[in-house]
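Peer 1: pasted the sequence and its predicted model underneath.
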2 protein chains.
Amino acid sequence: MAPATDPEPPVGRSVGRSVGRPVVRSGEDEVDRIVAAWRRERPDLDVEPLTVLSRVTRLARHLDLARRASFARHGLEAWEFDVLSALRRDGAPYQLSPGALLTQTLVTSGTMTNRIDRLAQRGLVRRQKSPADRRGVLVQLTDEGRARVDAAMSDLLDVESNLLAGLDESGRARLADLLRDVVAPLDAS
Amino acid sequence: MAPATDPEPPVGRSVGRSVGRPVVRSGEDEVDRIVAAWRRERPDLDVEPLTVLSRVTRLARHLDLARRASFARHGLEAWEFDVLSALRRDGAPYQLSPGALLTQTLVTSGTMTNRIDRLAQRGLVRRQKSPADRRGVLVQLTDEGRARVDAAMSDLLDVESNLLAGLDESGRARLADLLRDVVAPLDAS
DNA sequence: CGAGATTACCTCGACGTCGAGATACCGCCG
DNA sequence: CGGCGGTATCTCGACGTCGAGGTAATCTCG
(Lines give C-alpha, C1' and ligand atoms only; values in the text may rest on other atoms or scores of the structure.)
Protein backbone atom coordinates (compact mmCIF):
# COMPACT_ATOMS: atom_id res chain seq x y z
CA MET A 1 0.00 0.00 0.00
CA ALA A 2 1.06 3.56 -0.56
CA PRO A 3 2.61 5.56 2.21
CA ALA A 4 0.03 6.75 4.63
CA THR A 5 1.25 9.33 7.06
CA ASP A 6 0.64 11.69 9.85
CA PRO A 7 3.99 13.36 10.20
CA GLU A 8 4.73 16.91 11.07
CA PRO A 9 2.14 19.26 12.47
CA PRO A 10 -0.10 20.83 9.82
CA VAL A 11 2.49 23.29 8.63
CA GLY A 12 0.23 23.98 5.72
CA ARG A 13 2.32 24.51 2.68
CA SER A 14 0.70 26.06 -0.32
CA VAL A 15 -0.58 23.44 -2.65
CA GLY A 16 -2.30 24.76 -5.69
CA ARG A 17 -5.32 23.01 -7.11
CA SER A 18 -5.69 22.76 -10.84
CA VAL A 19 -9.42 23.38 -10.75
CA GLY A 20 -10.73 25.79 -8.20
CA ARG A 21 -13.91 25.15 -6.32
CA PRO A 22 -14.99 28.67 -5.50
CA VAL A 23 -17.26 28.29 -2.50
CA VAL A 24 -16.62 25.68 0.14
CA ARG A 25 -13.04 24.71 0.75
CA SER A 26 -12.56 21.69 2.92
CA GLY A 27 -9.31 21.61 4.84
CA GLU A 28 -6.03 20.34 3.68
CA ASP A 29 -5.65 16.62 4.18
CA GLU A 30 -2.78 14.26 4.82
CA VAL A 31 -2.22 13.75 1.13
CA ASP A 32 -1.77 17.47 0.55
CA ARG A 33 1.05 17.33 3.06
CA ILE A 34 2.65 14.29 1.48
CA VAL A 35 2.45 15.82 -1.96
CA ALA A 36 3.94 19.08 -0.70
CA ALA A 37 6.82 17.16 0.86
CA TRP A 38 7.57 15.39 -2.40
CA ARG A 39 7.40 18.65 -4.35
CA ARG A 40 9.94 20.12 -2.01
CA GLU A 41 12.25 17.11 -2.10
CA ARG A 42 11.86 16.12 -5.73
CA PRO A 43 10.93 19.22 -7.73
CA ASP A 44 12.02 17.34 -10.82
CA LEU A 45 9.06 14.97 -10.62
CA ASP A 46 5.45 15.41 -11.60
CA VAL A 47 3.70 14.12 -8.51
CA GLU A 48 0.20 14.95 -9.67
CA PRO A 49 -0.88 11.29 -9.83
CA LEU A 50 -0.42 11.12 -6.07
CA THR A 51 -3.20 13.62 -5.55
CA VAL A 52 -5.59 11.01 -6.81
CA LEU A 53 -4.05 7.67 -6.00
CA SER A 54 -2.68 8.33 -2.55
CA ARG A 55 -6.15 9.42 -1.59
CA VAL A 56 -7.53 6.24 -3.01
CA THR A 57 -5.11 4.25 -0.89
CA ARG A 58 -5.93 6.18 2.24
CA LEU A 59 -9.65 5.94 1.67
CA ALA A 60 -9.31 2.22 1.13
CA ARG A 61 -7.56 1.97 4.44
CA HIS A 62 -10.24 3.89 6.27
CA LEU A 63 -12.86 1.77 4.59
CA ASP A 64 -11.07 -1.36 5.63
CA LEU A 65 -11.05 -0.30 9.26
CA ALA A 66 -14.71 0.65 9.16
CA ARG A 67 -15.61 -2.65 7.54
CA ARG A 68 -13.78 -4.64 10.18
CA ALA A 69 -15.59 -2.81 12.95
CA SER A 70 -18.92 -3.29 11.26
CA PHE A 71 -18.44 -7.00 10.67
CA ALA A 72 -17.21 -7.54 14.20
CA ARG A 73 -20.62 -6.42 15.42
CA HIS A 74 -22.02 -9.45 13.66
CA GLY A 75 -19.36 -11.87 14.71
CA LEU A 76 -17.67 -11.93 11.32
CA GLU A 77 -14.14 -11.32 10.12
CA ALA A 78 -13.64 -9.33 6.95
CA TRP A 79 -12.44 -12.39 5.05
CA GLU A 80 -15.50 -14.31 6.17
CA PHE A 81 -17.78 -11.61 4.85
CA ASP A 82 -15.96 -11.59 1.54
CA VAL A 83 -16.70 -15.24 0.98
CA LEU A 84 -20.22 -15.23 2.36
CA SER A 85 -21.23 -12.15 0.42
CA ALA A 86 -20.08 -13.64 -2.84
CA LEU A 87 -22.32 -16.62 -2.18
CA ARG A 88 -25.20 -14.46 -1.02
CA ARG A 89 -25.33 -12.13 -3.97
CA ASP A 90 -25.15 -14.97 -6.41
CA GLY A 91 -28.69 -15.81 -5.33
CA ALA A 92 -30.44 -19.05 -4.41
CA PRO A 93 -29.34 -21.75 -3.90
CA TYR A 94 -26.32 -19.75 -2.68
CA GLN A 95 -23.69 -22.11 -3.86
CA LEU A 96 -20.49 -21.60 -5.82
CA SER A 97 -17.41 -23.67 -6.53
CA PRO A 98 -14.18 -22.85 -4.74
CA GLY A 99 -12.83 -21.81 -8.12
CA ALA A 100 -15.57 -19.26 -8.63
CA LEU A 101 -14.95 -17.94 -5.14
CA LEU A 102 -11.27 -17.62 -5.97
CA THR A 103 -11.86 -15.30 -8.86
CA GLN A 104 -14.37 -13.24 -6.94
CA THR A 105 -12.30 -12.73 -3.84
CA LEU A 106 -8.91 -12.55 -5.53
CA VAL A 107 -7.12 -14.84 -3.13
CA THR A 108 -5.08 -17.92 -3.93
CA SER A 109 -6.39 -21.44 -3.88
CA GLY A 110 -4.59 -22.43 -0.73
CA THR A 111 -6.12 -19.51 1.07
CA MET A 112 -9.58 -20.35 -0.17
CA THR A 113 -9.33 -23.95 0.96
CA ASN A 114 -8.36 -22.70 4.38
CA ARG A 115 -11.21 -20.21 4.46
CA ILE A 116 -13.80 -22.76 3.45
CA ASP A 117 -12.52 -25.11 6.11
CA ARG A 118 -12.92 -22.53 8.80
CA LEU A 119 -16.30 -21.30 7.59
CA ALA A 120 -17.59 -24.87 7.45
CA GLN A 121 -16.29 -25.47 10.94
CA ARG A 122 -18.25 -22.43 12.11
CA GLY A 123 -21.34 -23.74 10.38
CA LEU A 124 -21.68 -20.80 8.02
CA VAL A 125 -21.15 -22.80 4.84
CA ARG A 126 -21.41 -26.43 3.80
CA ARG A 127 -19.12 -28.38 1.48
CA GLN A 128 -20.95 -30.50 -1.03
CA LYS A 129 -19.76 -32.72 -3.84
CA SER A 130 -20.46 -31.43 -7.27
CA PRO A 131 -23.01 -33.70 -8.98
CA ALA A 132 -21.53 -33.02 -12.40
CA ASP A 133 -17.81 -33.25 -11.77
CA ARG A 134 -16.29 -35.60 -9.28
CA ARG A 135 -13.28 -33.34 -8.83
CA GLY A 136 -15.57 -30.51 -8.00
CA VAL A 137 -16.92 -29.12 -4.77
CA LEU A 138 -19.79 -26.77 -4.18
CA VAL A 139 -19.77 -24.42 -1.25
CA GLN A 140 -23.21 -23.54 0.00
CA LEU A 141 -24.38 -20.93 2.46
CA THR A 142 -26.16 -22.35 5.50
CA ASP A 143 -29.22 -20.59 6.93
CA GLU A 144 -27.02 -19.32 9.70
CA GLY A 145 -24.50 -18.06 7.19
CA ARG A 146 -27.14 -16.28 5.20
CA ALA A 147 -28.61 -14.64 8.27
CA ARG A 148 -25.20 -13.36 9.30
CA VAL A 149 -24.24 -11.98 5.94
CA ASP A 150 -27.61 -10.31 5.47
CA ALA A 151 -27.33 -8.55 8.80
CA ALA A 152 -23.73 -7.60 8.16
CA MET A 153 -24.56 -6.21 4.73
CA SER A 154 -27.20 -3.86 6.08
CA ASP A 155 -24.82 -2.63 8.69
CA LEU A 156 -22.02 -2.24 6.18
CA LEU A 157 -24.12 -0.04 3.94
CA ASP A 158 -24.92 2.24 6.85
CA VAL A 159 -21.26 2.50 7.68
CA GLU A 160 -20.29 3.17 4.09
CA SER A 161 -22.95 5.79 3.79
CA ASN A 162 -21.45 7.55 6.79
CA LEU A 163 -18.00 7.43 5.27
CA LEU A 164 -19.40 9.33 2.32
CA ALA A 165 -21.01 11.96 4.50
CA GLY A 166 -18.63 14.58 3.13
CA LEU A 167 -20.40 14.41 -0.22
CA ASP A 168 -23.91 15.21 -1.32
CA GLU A 169 -25.93 13.11 -3.71
CA SER A 170 -24.52 14.70 -6.82
CA GLY A 171 -20.96 14.53 -5.54
CA ARG A 172 -21.29 10.81 -4.94
CA ALA A 173 -22.64 10.27 -8.41
CA ARG A 174 -19.85 12.26 -10.00
CA LEU A 175 -17.29 10.42 -7.92
CA ALA A 176 -18.70 7.05 -8.92
CA ASP A 177 -18.61 8.03 -12.58
CA LEU A 178 -15.04 9.27 -12.46
CA LEU A 179 -13.94 6.14 -10.64
CA ARG A 180 -15.63 3.97 -13.19
CA ASP A 181 -13.71 5.72 -15.94
CA VAL A 182 -10.50 4.80 -14.18
CA VAL A 183 -11.37 1.30 -13.09
CA ALA A 184 -13.18 0.03 -16.17
CA PRO A 185 -10.08 -0.13 -18.41
CA LEU A 186 -8.16 -1.86 -15.63
CA ASP A 187 -10.84 -4.46 -15.02
CA ALA A 188 -11.00 -5.10 -18.72
CA SER A 189 -7.33 -5.93 -19.03
CA MET B 1 -11.29 -5.56 1.68
CA ALA B 2 -14.56 -5.35 -0.13
CA PRO B 3 -15.69 -8.12 -2.42
CA ALA B 4 -13.84 -7.99 -5.65
CA THR B 5 -15.27 -10.19 -8.31
CA ASP B 6 -15.33 -11.45 -11.79
CA PRO B 7 -18.33 -13.71 -11.78
CA GLU B 8 -20.84 -14.35 -14.46
CA PRO B 9 -20.30 -13.29 -18.03
CA PRO B 10 -21.21 -9.63 -18.66
CA VAL B 11 -24.94 -10.20 -18.61
CA GLY B 12 -25.28 -6.45 -18.54
CA ARG B 13 -28.22 -5.60 -16.37
CA SER B 14 -29.51 -2.10 -16.55
CA VAL B 15 -27.98 0.04 -13.92
CA GLY B 16 -29.10 3.61 -14.05
CA ARG B 17 -26.71 6.43 -13.31
CA SER B 18 -27.93 9.31 -11.25
CA VAL B 19 -26.10 11.89 -13.29
CA GLY B 20 -25.87 11.34 -17.00
CA ARG B 21 -22.72 12.05 -18.89
CA PRO B 22 -24.07 12.71 -22.35
CA VAL B 23 -21.17 11.99 -24.65
CA VAL B 24 -18.70 9.23 -23.94
CA ARG B 25 -19.99 6.23 -22.07
CA SER B 26 -17.31 3.89 -20.86
CA GLY B 27 -18.35 0.30 -20.49
CA GLU B 28 -19.93 -1.32 -17.53
CA ASP B 29 -17.42 -2.46 -14.99
CA GLU B 30 -17.21 -5.20 -12.41
CA VAL B 31 -18.79 -3.03 -9.77
CA ASP B 32 -21.83 -2.38 -11.93
CA ARG B 33 -22.33 -6.13 -11.98
CA ILE B 34 -21.88 -6.54 -8.25
CA VAL B 35 -24.27 -3.71 -7.55
CA ALA B 36 -26.82 -5.16 -9.93
CA ALA B 37 -26.57 -8.51 -8.18
CA TRP B 38 -27.19 -6.94 -4.81
CA ARG B 39 -30.16 -4.95 -6.14
CA ARG B 40 -31.66 -8.17 -7.39
CA GLU B 41 -31.03 -10.10 -4.18
CA ARG B 42 -31.65 -7.35 -1.65
CA PRO B 43 -34.08 -4.87 -3.19
CA ASP B 44 -34.76 -3.64 0.33
CA LEU B 45 -31.30 -2.11 0.65
CA ASP B 46 -29.88 1.12 -0.70
CA VAL B 47 -26.65 -0.09 -2.21
CA GLU B 48 -25.65 3.25 -3.67
CA PRO B 49 -22.57 3.57 -1.43
CA LEU B 50 -21.13 0.55 -3.16
CA THR B 51 -20.97 2.42 -6.45
CA VAL B 52 -18.30 4.59 -4.89
CA LEU B 53 -16.60 2.48 -2.29
CA SER B 54 -16.37 -0.83 -4.07
CA ARG B 55 -14.66 1.02 -6.87
CA VAL B 56 -12.27 2.52 -4.40
CA THR B 57 -11.45 -0.94 -3.12
CA ARG B 58 -10.94 -2.35 -6.58
CA LEU B 59 -8.82 0.57 -7.68
CA ALA B 60 -6.72 0.21 -4.56
CA ARG B 61 -6.15 -3.41 -5.46
CA HIS B 62 -5.09 -2.61 -9.01
CA LEU B 63 -2.82 0.09 -7.67
CA ASP B 64 -1.29 -2.32 -5.22
CA LEU B 65 -0.46 -4.78 -7.97
CA ALA B 66 1.02 -2.08 -10.17
CA ARG B 67 3.09 -0.77 -7.30
CA ARG B 68 4.49 -4.19 -6.53
CA ALA B 69 5.50 -4.70 -10.13
CA SER B 70 7.09 -1.29 -10.30
CA PHE B 71 9.07 -1.71 -7.09
CA ALA B 72 10.22 -5.15 -8.11
CA ARG B 73 12.02 -3.55 -11.04
CA HIS B 74 14.16 -1.74 -8.50
CA GLY B 75 14.67 -4.67 -6.19
CA LEU B 76 12.25 -3.40 -3.58
CA GLU B 77 9.23 -4.85 -1.84
CA ALA B 78 6.21 -2.63 -1.31
CA TRP B 79 6.75 -2.54 2.43
CA GLU B 80 10.36 -1.52 1.89
CA PHE B 81 9.32 1.37 -0.29
CA ASP B 82 6.79 2.50 2.28
CA VAL B 83 9.48 2.90 4.89
CA LEU B 84 12.16 4.31 2.63
CA SER B 85 9.82 6.83 1.03
CA ALA B 86 8.75 8.17 4.39
CA LEU B 87 12.39 8.80 5.20
CA ARG B 88 13.12 10.24 1.80
CA ARG B 89 10.35 12.77 1.66
CA ASP B 90 11.13 14.02 5.13
CA GLY B 91 14.26 15.53 3.63
CA ALA B 92 17.89 15.58 4.70
CA PRO B 93 19.30 14.10 6.85
CA TYR B 94 16.69 11.45 6.02
CA GLN B 95 16.20 10.17 9.50
CA LEU B 96 13.11 9.47 11.57
CA SER B 97 12.39 7.60 14.75
CA PRO B 98 10.67 4.21 14.57
CA GLY B 99 7.70 5.86 16.26
CA ALA B 100 7.38 8.47 13.51
CA LEU B 101 7.63 5.72 10.92
CA LEU B 102 4.87 3.84 12.71
CA THR B 103 2.38 6.64 12.40
CA GLN B 104 3.31 7.27 8.79
CA THR B 105 3.07 3.72 7.60
CA LEU B 106 0.19 2.64 9.86
CA VAL B 107 1.72 -0.63 10.97
CA THR B 108 2.28 -1.86 14.49
CA SER B 109 5.47 -1.50 16.43
CA GLY B 110 6.42 -5.15 16.18
CA THR B 111 6.11 -4.97 12.44
CA MET B 112 8.22 -1.84 12.23
CA THR B 113 11.00 -3.34 14.32
CA ASN B 114 11.04 -6.27 11.97
CA ARG B 115 11.07 -4.03 8.91
CA ILE B 116 13.91 -1.91 10.19
CA ASP B 117 15.90 -5.04 10.98
CA ARG B 118 15.55 -6.32 7.46
CA LEU B 119 16.20 -2.96 5.82
CA ALA B 120 19.31 -2.50 7.91
CA GLN B 121 20.46 -5.98 6.97
CA ARG B 122 20.07 -5.05 3.32
CA GLY B 123 22.06 -1.88 3.87
CA LEU B 124 19.23 0.46 2.92
CA VAL B 125 18.92 2.10 6.32
CA ARG B 126 21.10 2.51 9.37
CA ARG B 127 20.05 2.35 13.03
CA GLN B 128 21.51 5.10 15.17
CA LYS B 129 21.12 6.00 18.80
CA SER B 130 19.17 9.11 19.44
CA PRO B 131 21.50 11.72 20.92
CA ALA B 132 18.71 13.29 22.96
CA ASP B 133 16.87 10.28 24.32
CA ARG B 134 18.59 7.09 25.28
CA ARG B 135 15.40 5.10 24.72
CA GLY B 136 15.27 6.43 21.23
CA VAL B 137 16.53 5.23 17.91
CA LEU B 138 16.90 7.10 14.67
CA VAL B 139 16.57 5.31 11.39
CA GLN B 140 18.56 6.88 8.62
CA LEU B 141 18.54 6.28 4.91
CA THR B 142 21.87 5.11 3.48
CA ASP B 143 23.10 6.40 0.14
CA GLU B 144 22.13 3.09 -1.36
CA GLY B 145 18.68 3.36 0.18
CA ARG B 146 18.20 6.84 -1.13
CA ALA B 147 19.27 5.87 -4.62
CA ARG B 148 16.82 2.99 -4.65
CA VAL B 149 13.87 4.93 -3.40
CA ASP B 150 14.54 7.80 -5.78
CA ALA B 151 14.59 5.49 -8.75
CA ALA B 152 11.53 3.63 -7.55
CA MET B 153 9.60 6.84 -7.02
CA SER B 154 10.16 8.00 -10.59
CA ASP B 155 9.02 4.68 -11.88
CA LEU B 156 6.02 4.63 -9.58
CA LEU B 157 4.82 7.98 -10.84
CA ASP B 158 4.98 6.76 -14.41
CA VAL B 159 2.99 3.71 -13.49
CA GLU B 160 0.42 5.71 -11.59
CA SER B 161 0.08 8.11 -14.45
CA ASN B 162 -0.72 5.19 -16.70
CA LEU B 163 -3.35 3.90 -14.31
CA LEU B 164 -5.08 7.24 -14.65
CA ALA B 165 -4.98 7.14 -18.41
CA GLY B 166 -8.76 6.89 -18.52
CA LEU B 167 -9.04 10.47 -17.32
CA ASP B 168 -7.98 13.79 -18.78
CA GLU B 169 -6.37 16.57 -16.83
CA SER B 170 -9.63 18.06 -15.66
CA GLY B 171 -11.06 14.68 -14.71
CA ARG B 172 -8.09 13.97 -12.52
CA ALA B 173 -8.40 17.30 -10.80
CA ARG B 174 -12.11 16.80 -10.17
CA LEU B 175 -11.47 13.30 -8.88
CA ALA B 176 -8.76 14.51 -6.53
CA ASP B 177 -11.05 17.20 -5.17
CA LEU B 178 -13.96 14.85 -4.60
CA LEU B 179 -11.69 12.37 -2.89
CA ARG B 180 -10.30 15.04 -0.66
CA ASP B 181 -13.81 15.94 0.43
CA VAL B 182 -14.33 12.35 1.50
CA VAL B 183 -10.94 11.67 3.04
CA ALA B 184 -10.32 14.93 4.86
CA PRO B 185 -13.01 14.40 7.53
CA LEU B 186 -11.78 10.84 8.06
CA ASP B 187 -8.16 11.87 8.44
CA ALA B 188 -9.22 14.55 10.85
CA SER B 189 -10.96 12.14 13.19
C1' DC C 1 -9.94 -46.23 -26.83
C1' DG C 2 -6.00 -44.03 -24.38
C1' DA C 3 -1.93 -40.82 -23.60
C1' DG C 4 -1.14 -36.25 -22.59
C1' DA C 5 -2.80 -31.78 -21.47
C1' DT C 6 -5.82 -29.42 -18.58
C1' DT C 7 -8.65 -28.44 -14.69
C1' DA C 8 -10.17 -28.57 -9.73
C1' DC C 9 -8.94 -28.60 -5.38
C1' DC C 10 -5.93 -29.49 -1.48
C1' DT C 11 -1.28 -29.82 1.17
C1' DC C 12 2.29 -27.65 3.41
C1' DG C 13 6.34 -24.87 4.52
C1' DA C 14 7.85 -19.99 4.41
C1' DC C 15 6.80 -15.43 5.40
C1' DG C 16 4.97 -10.91 7.21
C1' DT C 17 1.89 -8.98 10.39
C1' DC C 18 -0.44 -8.37 14.67
C1' DG C 19 -0.67 -7.24 19.39
C1' DA C 20 0.01 -8.09 24.18
C1' DG C 21 3.67 -7.96 27.17
C1' DA C 22 8.53 -6.85 28.59
C1' DT C 23 12.27 -3.62 29.14
C1' DA C 24 14.57 0.60 29.55
C1' DC C 25 14.31 5.31 30.04
C1' DC C 26 12.26 10.06 30.67
C1' DG C 27 10.21 13.78 33.23
C1' DC C 28 7.09 15.63 36.58
C1' DC C 29 5.63 16.22 41.32
C1' DG C 30 6.24 16.32 46.11
C1' DC D 1 16.24 13.04 45.51
C1' DG D 2 12.63 9.14 44.88
C1' DG D 3 8.58 7.42 43.00
C1' DC D 4 5.32 6.92 39.20
C1' DG D 5 2.97 7.38 35.19
C1' DG D 6 4.06 7.83 30.48
C1' DT D 7 6.93 6.88 26.41
C1' DA D 8 10.07 4.41 22.96
C1' DT D 9 11.25 0.30 21.33
C1' DC D 10 11.80 -4.58 21.14
C1' DT D 11 10.28 -9.68 21.98
C1' DC D 12 7.69 -13.46 20.73
C1' DG D 13 3.89 -16.65 19.81
C1' DA D 14 -0.38 -16.94 17.04
C1' DC D 15 -2.43 -16.31 12.74
C1' DG D 16 -3.63 -15.75 7.75
C1' DT D 17 -1.78 -15.67 3.25
C1' DC D 18 1.06 -17.06 -0.48
C1' DG D 19 2.45 -20.12 -3.93
C1' DA D 20 4.75 -24.14 -5.56
C1' DG D 21 3.75 -28.73 -5.82
C1' DG D 22 0.64 -32.92 -5.39
C1' DT D 23 -3.44 -35.84 -6.38
C1' DA D 24 -7.37 -36.96 -8.84
C1' DA D 25 -10.67 -36.44 -12.43
C1' DT D 26 -11.94 -34.65 -17.00
C1' DC D 27 -11.18 -33.37 -21.65
C1' DT D 28 -9.00 -33.54 -26.32
C1' DC D 29 -7.63 -35.83 -30.31
C1' DG D 30 -5.51 -39.01 -33.00
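Peer 2: Arrived safely.
Peer 1: alpha carbons only for contacts and neighbour counts from here, please
Peer 2: OK.
Peer 1: need the contact list for A:Gly136.
Peer 2: Applying CA atoms under 8 Å, 6 or more residues apart in numbering or on different chains to A:Gly136 gives the contacts A:97, A:129-130.
Peer 1: of these, list those near chain B.
Peer 2: The subset of the contacts of A:Gly136 lying close to chain B, counting by CA under 8 Å from any CA of the partner chain, is empty.
Peer 1: which one among those residues gets closest to B:Val159?
Peer 2: Distance ranking of the contacts of A:Gly136 against B:Val159, using CA to CA, places A:Ser97 first at 34.8 Å.
Peer 1: need the contacts of A:Gly136 in CSV (columns: distance to B:Phe71).
Peer 2: Formatted as CSV, these follow (distance: CA to CA, whole Å):
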residue, distance to B:Phe71
A:Ser97, 34
A:Lys129, 42
A:Ser130, 42
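Peer 1: and these, which is closest to DNA strand D?
Peer 2: DNA strand D lies nearest to A:Ser130 out of the contacts of A:Gly136, by CA to the nearest atom of the strand, at 9.3 Å.
Peer 1: surely the closest one meets A:Pro98?
Peer 2: No - counting by CA atoms under 8 Å, A:Ser130 does not reach A:Pro98; the two are 10.9 Å apart.
Peer 1: what about the longest helix along chain A, near DNA strand D?
Peer 2: Counting residues, the longest helix found in chain A (DSSP state H) is helix A:48-72. No - judged by CA under 7 Å from any atom of the strand, helix A:48-72 and DNA strand D are separated, with a smallest distance of 12.5 Å.
Peer 1: neighbour-wise, which of the contacts of A:Gly136 leads?
Peer 2: Within the contacts of A:Gly136, A:Ser97 tops the neighbour count with 17 neighbours, counted by other CA atoms under 10 Å in any protein chain shown.
Peer 1: now do it against chain B, distance only.
Peer 2: Look at A:Ser97 and chain B: by CA to the nearest CA, to the nearest Å, they are 11 Å apart.
Peer 1: then A:Asp143?
Peer 2: Distance from A:Asp143 to chain B, by CA to the nearest CA: 15 Å.
Peer 1: what's the burial count for that residue?
Peer 2: 12.
Peer 1: again, but for the one 5 residues further on
Peer 2: Taking other CA under 10 Å as the criterion, the count of residues near A:Arg148 is 19.
Peer 1: now do the SS call for it.
Peer 2: helix (DSSP: H, G, I helix; E, B strand; the rest coil).
Peer 1: not counting sequence-adjacent ones, nearest residue to it?
Peer 2: The shortest distance from A:Arg148 to any non-neighbouring residue, by CA to CA, 6 or more residues apart in numbering or on different chains, is to A:His74 (6.7 Å).
Peer 1: for that neighbour, helix, strand, or coil?
Peer 2: coil.
Peer 1: what about it, neighbour count?
Peer 2: Neighbours around A:His74, by other CA under 10 Å: 16.
Peer 1: show me what contacts it?
Peer 2: A:148, A:151-152.
Peer 1: many thanks, have a good one.
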